[in-house]
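Novice: Quick one, structure for this:
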Amino acid sequence: EEDPPNMVAQRLLIALGLVGFPPDMAGRITPTALATGFGGPALEVLNWLADAAVAKAKADRPSLFWGPERTTDVDPPPSTDQDFGDDHAAEVGDDDEISEAELDAEELLYGTDGVGGG
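Specialist: Below you'll find the predicted structure:
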């Protein structure tokens, strides 16, 4: 048996408060407004959850989102404005492997080790 939407919304607001949802925002959101599942209150909660998730992921794995730290004395990348001719095609070798970073990203995004669903 499912709980009524207002009860679920009330529990969600309590849980949000336990994980750092700002009290001033929580004070403006009623369970009834949140239970509708759309509108300003729902968007405030979803935006805060998305921001919190990105901040947590960035803190845990900064290189995954922002790449390695750059320094100013690094040579610029080679120009990509080269003409290789009409008969040039990109070659993909059979020994190409998925990098460790790509595997880590898949695990972070999907919660898997590359096997099956989340």
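Novice: Could you tell me which residues within the top helix by length along the chain count as buried?
Specialist: Secondary structure of the chain per DSSP state H: the longest helix is helix 40-60. Using 16 or more other C-beta atoms under 10 Å as the test for burial, helix 40-60 gives Pro41, Ala42, Glu44, Val45, Trp48. For the C-beta atoms, the positions are set from N, CA and C on the backbone; glycine is no exception.
Novice: mind checking pLDDT for the second one?
Specialist: Going back to what we said before, that points to Ala42. Ala42 carries a pLDDT value of 94.
Novice: looking at it, it is touching Leu34, isn't it?
Specialist: Yes: counting by C-beta atoms under 8 Å, Ala42 does reach Leu34; the two are 6.1 Å apart.
Novice: Need the contact partners of stretch 12-21.
Specialist: Residues outside stretch 12-21 that contact it (C-beta atoms under 8 Å, 6 or more residues apart in numbering): Pro23, Ala26, Ile29, Pro31, Leu34, Val45, Trp48, Ala52.
Novice: Against Glu1, how distant is the first one?
Specialist: Which is Pro23. Using C-beta to C-beta, to the nearest Å, Pro23 is found at 32 Å from Glu1.
Novice: Also the second one?
Specialist: From Ala26 over to Glu1 the distance is 28 Å, taken as C-beta to C-beta.
Novice: Name the residue in the two with the higher neighbour count.
Specialist: The neighbour comparison of Ala26 against Glu1 (other C-beta atoms under 10 Å) goes to Ala26, with 17 against 2.
Novice: which residues touch that one?
Specialist: Contacts of Ala26 by C-beta under 8 Å, 6+ apart are Leu13, Leu16, Gly17.
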